[in-house]
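Participant: The sequence and its predicted three-dimensional model are supplied below.
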Amino acid sequence: MAELSIKKKRPKNLDLTTIRLPLPGILSILHRVSGAGLFLCLPLLLWLFQSSLATPESFATFKAVAAHPLVKILLLGLLWAFCHHFCAGIRYLFLDVHMGVDLESARLTSKIVFAVSIALTVILGVALLW
Amino acid sequence: MVNRIVVGAHYGLKDWIAQRATAVIMAVYSVILLAAVGALGPNTFEAWRGLFANGFMKFITFLFFISLFYHAWIGVRDIWMDYVKPTGIRLVLHVLTIFVLVGYAGWAAQILWRL
Ligand code: HEM
């Protein structure tokens, strides 16, 4: 009982405006956001994939749609989402087998994930979209 | 899984493993696709279509899609379970998620097998 009442008095800070999420925490929530974003855009991506493969005419439509600046920005965003989800996902797979679990490595690998996914987005974005 | 009383319920281990297995399949496929695109540089319709019309590519692309939809089902279901507490709404969202993903699987098969 004593323990319970002490627990109740412990200060809580759930004020989202003052909580500073550490880097691995930001990585984690962005992994969720990127997964959800990719899921929501699956119809668009499947449609683009279909158009690019079906007929020469649909391929031309695909090229025209993908050349629109707004579509390019959206696709660049999805490309980042994929790269981030991919790199962060691989980091999770290593964590699952207990590699890189200590605080120092967890922070270091978070930095690597951000650096690699942003670099990949820029390289692939330039190569594929521009 | 540890220290649980066995009541016949599933604790999600199977889904957890499936999400990891599908993640590995997708990761490997991404690297193969990137390598193929990098090596062949398919920038005409014929070359692009030819890439996926190849039997091996078609097979692993389909495997990728099926992994993707299974992976997304587990992931999106986890997200619903975290944020949507009323059972009725959650159930509806789960069913809708399954419906769209099964539909996408049919769609993906159709795209690939018309090549
Ligand atoms: C190479 C590709 C991918 C890898 C390596 C990967 C890896 C992972 C891993 C390891 C998890 C589990 C994370 C956890 O339990 O904390 C996960 C969750 C998830 N994935 Fe993926 N994934 C990939 C592609 C995708 C794609 C394309 C989508 C889009 C539909 C997606 C959607 C999701 C969702 C929605 C979750 C749940 C996120 C959460 O619970 O916070 N994944 N992914």
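Facilitator: Nice, thanks for sending it over.
Participant: which regions of chain A sit below the pLDDT cut-off?
Facilitator: Applying pLDDT under 70 to chain A picks out residues A:1-8.
Participant: rerun that using 50 as the cut-off
Facilitator: Low-confidence segments of chain A, defined by pLDDT under 50, are located at A:1.
Participant: Quick one: the strands in it, in order.
Facilitator: Secondary structure of chain A (DSSP state E): no strands present.
Participant: Enumerate the residues of it near the ligand.
Facilitator: Taking C-beta under 6 Å from any ligand atom as the test, the list of chain A residues beside the ligand reads A:31-32, A:35-36, A:38-39, A:85-86, A:89-90, A:92-93. All C-beta spots, glycine's among them, are computed from the backbone N, C-alpha and C.
Participant: Contacting chain B as well, which ones from these?
Facilitator: Checking the residues of chain A next to the ligand against chain B by C-beta under 8 Å from any C-beta of the partner chain, the ones in range are A:32, A:35-36, A:38-39, A:86, A:89-90, A:93.
Participant: Drop anything exposed from the residues you listed.
Facilitator: The neighbour-count test (16 or more other C-beta atoms under 10 Å in any protein chain shown) marks A:35-36, A:38-39, A:86, A:89-90 as buried among these.
Participant: what number of residues lie near A:Q50?
Facilitator: A:Q50: 17 surrounding residues under other C-beta atoms under 10 Å in any protein chain shown.
Participant: same question, A:T121
Facilitator: By the criterion of other C-beta under 10 Å, A:T121 has 19 neighbours.
Participant: contacting residues around the closest residue in space to it that isn't next to it in sequence?
Facilitator: Sequence neighbours aside, A:W80 is the residue nearest to A:T121 in space, at 4.3 Å (criterion: C-beta to C-beta, 6 or more residues apart in numbering or on different chains). Contact criterion C-beta atoms under 8 Å, 6 or more residues apart in numbering or on different chains gives A:34, A:117-118, A:121 as the residues in contact with A:W80.
Participant: Helices - which of the residues you listed land there?
Facilitator: Assigned to helices by DSSP state H, the following of those qualify: A:34, A:117-118, A:121.
Participant: Those residues of chain B touching chain A, which are they?
Facilitator: Counting by C-beta under 8 Å from any C-beta, chain B sits next to chain A at B:20, B:23-24, B:27, B:30, B:45, B:48-49, B:52, B:72, B:75-76, B:79, B:100, B:104, B:107-108, B:111, B:114-115.
Participant: what do you get if the cut-off is 6 Å, keeping everything else the same?
Facilitator: B:23, B:45, B:49, B:72, B:75-76, B:104, B:107, B:111 (C-beta under 6 Å from any C-beta of the partner chain).
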